[in-house]
Structures are given as structure tokens and as C-alpha cells.
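**Student:** kindly return the folded structure for what I paste below:
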Amino acid sequence: MEDLVSRSQYVVVAEPLDGESVWETIGKRRHIVTYTRIRAIEALSGEEPKQEELMVRTLGGRIGDLGELVHGEAMLTLGQRSVLFTIPARGALAVTAMAQGHYPLARDRAGDERLQRSPAAVEILGEPSAAVQRLPGLDLHATRRLLRQVRK
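**Tutor:** Sure thing, here's the model as predicted:
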């Protein structure tokens with residue numbers, strides 16, 4: 001948890017607005033990379049973004065009939081609000097620690113948004129302090145409080 005927070009430039013409640021997948025050369029091979037424009041709704045920790053909209057780069061995506069799946073990568077869904085931990089990467093932002101830095105939000109019966117484990121996140125055995133163990137199920141208020149404690 002501490003590593004995820006300290007490595008992240010921005011920790012924001014984000015809403016993906018649109019995205020585009022492109023071919024990029026990584027190493028000596030061509031891969032599909034997706035750029036998603038997000039609205040940074042609220043900064044939860046780290047720096048406050050200077051602009052409301054940010055570009056997030058994730059590995060994988062779909063171009064025409066071809067798709068590339070990168071196991072463990074965050075999968076941002078248009079219109080699905082989430083908490084994102086982000087770091088600078090190639091002129092955009094990347095999700096810190098891939099899916100370990102992505103927490104989709106879902107409303108509970110009382111209408112409060114709660115963090116969910118990213119669909120691509122893996123459980124980290126023997127690490128009860130890991131973000132993927134501590135964050136799912138928290139509401140935004142509890143998340144803010146926990147992030148402030150970790151930042152100290």
C-alpha cells in the first residue's frame with residue numbers, strides 16, 4: 001500500500017470519457033496500446049492535477065478485428081468511475097502497478113460508492129497490507145482517510 005501511494009503522482013476519482021487504441025513499438029515488437037481520456041473528478045492523494053482531463057495509457061486493446069490482452073493490466077471502461085493511482089509514462093499517465101492501481105466504483109444499497117477490485121487484479125498472498133487487500137469495499141470517505149494515514 002505504501003509503495004503504491006508513494007510511487008503515484010495522482011490518486012484520483014476518474015471517469016473515462018473516450019479512448020483510442022493504436023499500434024506502438026515496445027522493445028522490438030508492435031503492440032496495441034490504448035489511450036483513454038479521463039475526467040479527474042477529485043484528487044484523493046498526491047498532487048492535484050493541473051487540468052480536469054488527463055490521458056491514461058494502458059497496454060492492450062482492440063484495433064479492428066485484432067485485440068491484444070495484457071494480463072494484469074488495468075481495463076478502463078468508458079463511463080465507469082474508478083479510483084486510479086497514476087504515474088507519468090511516455091507523455092501520458094499509466095496506472096501505477098497496472099491493475100493494482102485501478103479500483104472501479106460501485107454503489108452499495110445506501111447509494112455510497114465503494115471501491116471494487118479491478119477485474120484484472122491478482123490477490124497478493126501473504127501481504128495483508130497490500131492495496132488490493134485493503135481498498136476493496138471501502139467508501140470514498142474511508143479511502144481518503146486511509147490514504148492520508150499512508151502518506152504520513
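**Student:** going by C-alpha atoms from here, please, whenever you check contacts or count neighbours.
**Tutor:** OK.
**Student:** all strands of the protein, in order?
**Tutor:** Ranges of strands in the chain, per DSSP state E, are 10-26, 29-46, 53-59, 61-63, 66-68, 82-89, 92-95, 102-107, 113-115.
**Student:** roughly how far out does stretch 100-109 sit from the chain middle?
**Tutor:** Stretch 100-109 sits 10 Å away from the centroid of its parent chain (CA atoms, centre = their mean, to the nearest Å).
**Student:** got the contact list for it?
**Tutor:** Stretch 100-109 has contacts (CA atoms under 8 Å, 6 or more residues apart in numbering) with 4, 74, 80-86, 95, 113-118, 121-122, 131-132, 136.
**Student:** try 7 Å this time
**Tutor:** Stretch 100-109 has contacts (CA atoms under 7 Å, 6 or more residues apart in numbering) with 74, 80-85, 95, 113-118, 121, 132.
**Student:** out of those, which are buried?
**Tutor:** With burial judged by 16 or more other CA atoms under 10 Å, the buried subset of the contacts of stretch 100-109 is 74, 81-85, 95, 113-118, 121, 132.
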